[in-house]
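Visitor: model this:
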Amino acid sequence: MSLKNENYLTGKLLLAMPSIGDPRFDHAVIYICAHDDKGAMGLAINQEAPGLQFDKVLEQLGVVSDIELDYKTFPSSVLNGGPVDPGRGFLLHTSEFNQNETIRVNDHIGVTGTIEALRDIALGNGPEQFLFILGYAGWSAGQLEDELRQNVWLVCEPNDEIIFTTDMQEKWKNSISTLGFDPSMLVGNTGSGSA
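Guide: Numbers count the residues shown, from 1 in each chain. Just a heads-up that it's a prediction; the model follows:
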């Protein structure tokens, strides 16, 4: 399967099929930040990192502010973006926020991985919407294309609601529904009939 530039999946969502066979990606929804002939990189947007809260991470990193912020306006959870480099943090955010290090995925979404971005959030100058994610999912050249041929993933268009505001447990089901599928009709290798 050869993809032309316009067929690369940058800016799309990957939805793990029930048959994926890797518990790390069970019902995963992955936002693809980069995809070309050298490989792909994405961030899971529906898997919470157990025991980590965003405000506590800011405190641990020494990112504090003299401004009294309402942390209830921030995402409370830290997400597990994937198995690669799990100590590295990323902000997946709306595009009005821009730093020199920000990677613009498209006109709507950017990714920034700097401590300065966290300081901006602590100062009240952060993005309108964001997720804080540790680690990422990565594919070598041709690997994602092979997995797509094996029907390991479905691809769908993202929207800000699914990315930023939909409840974590509902993101996969809501994303599948945008494709016109009834999630309960998707079965894994076991043929159990449950997703």
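Visitor: What segments of this protein are strands?
Guide: 13-16, 29-36, 39-44, 48-53, 77-80, 84-94, 103-104, 109-112, 130-140, 153-156 (DSSP state E).
Visitor: my read: L9 touches V155, true?
Guide: Yes - proximity of L9 to V155 meets the contact threshold set by CB atoms under 8 Å, at 6.1 Å. No exception for glycine: its C-beta is placed from N, CA and C like everyone else's.
Visitor: What is the least confident helix or strand in the chain?
Guide: Within the chain, no helix or strand scores below helix 54-60, which has a mean of 86 by mean pLDDT, DSSP states H and E.
Visitor: Quick check: buried residues in that one?
Guide: F54, V57, L58 (16 or more other CB atoms under 10 Å).
Visitor: I'd like a version of the residues you listed in a markdown table, one that adds distance to G82 as further columns.
Guide: Below are the buried residues of helix 54-60 laid out as a markdown table (distance: CB to CB, whole Å):
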| residue | distance to G82 |
| --- | --- |
| F54 | 18 |
| V57 | 18 |
| L58 | 22 |
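Visitor: and which of the residues you listed is nearest F164?
Guide: When the buried residues of helix 54-60 are ranked by distance to F164 (CB to CB), F54 comes first, at 13.5 Å.
Visitor: how far away is the closest one from N80?
Guide: Using CB to CB, to the nearest Å, F54 is found at 13 Å from N80.
Visitor: quick one on the thing from earlier: okay, the strands of the chain, which one's buried deepest?
Guide: strand 13-16 (a mean of 25; mean count of other CB atoms under 10 Å).
Visitor: counting contacts, what elements does it pack onto?
Guide: If you count contacts as 3 or more CB pairs under 8 Å, 6 or more residues apart in numbering; DSSP states H and E, strand 13-16 packs onto strand 29-36, strand 153-156, helix 171-178.
Visitor: possible to save the ones you listed as TSV with mean pLDDT and distance to A49?
Guide: As requested, the helices and strands packed on strand 13-16 are exported to TSV (pLDDT from 0 to 100; distance: least, CB to CB, whole Å):
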stretch	mean pLDDT	distance to A49
strand 29-36	97	15
strand 153-156	96	22
helix 171-178	94	15
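Visitor: Dump those into TSV; add distance to W139 as well.
Guide: TSV is the format used below for the helices and strands packed on strand 13-16 (distance: least, CB to CB, whole Å):
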stretch	distance to W139
strand 29-36	8
strand 153-156	10
helix 171-178	19
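Visitor: out of the ones you listed, nearest to P127?
Guide: For P127, the closest of those is strand 29-36, at 14.6 Å, according to CB to CB.
Visitor: my guess is P83 meets A137, correct?
Guide: Yes - applying CB under 8 Å, one finds P83 in contact with A137, separated by 7.0 Å.
Visitor: For Q129, find the nearest of the helices and strands packed on strand 13-16.
Guide: strand 29-36 (12.9 Å).
Visitor: Report the strands that pair with that closest one, each with its relative direction.
Guide: strand 13-16 (antiparallel), strand 39-44 (antiparallel) (DSSP bridges).
Visitor: Mind checking the ones you listed for the one nearest to C33?
Guide: strand 39-44 (5.2 Å).
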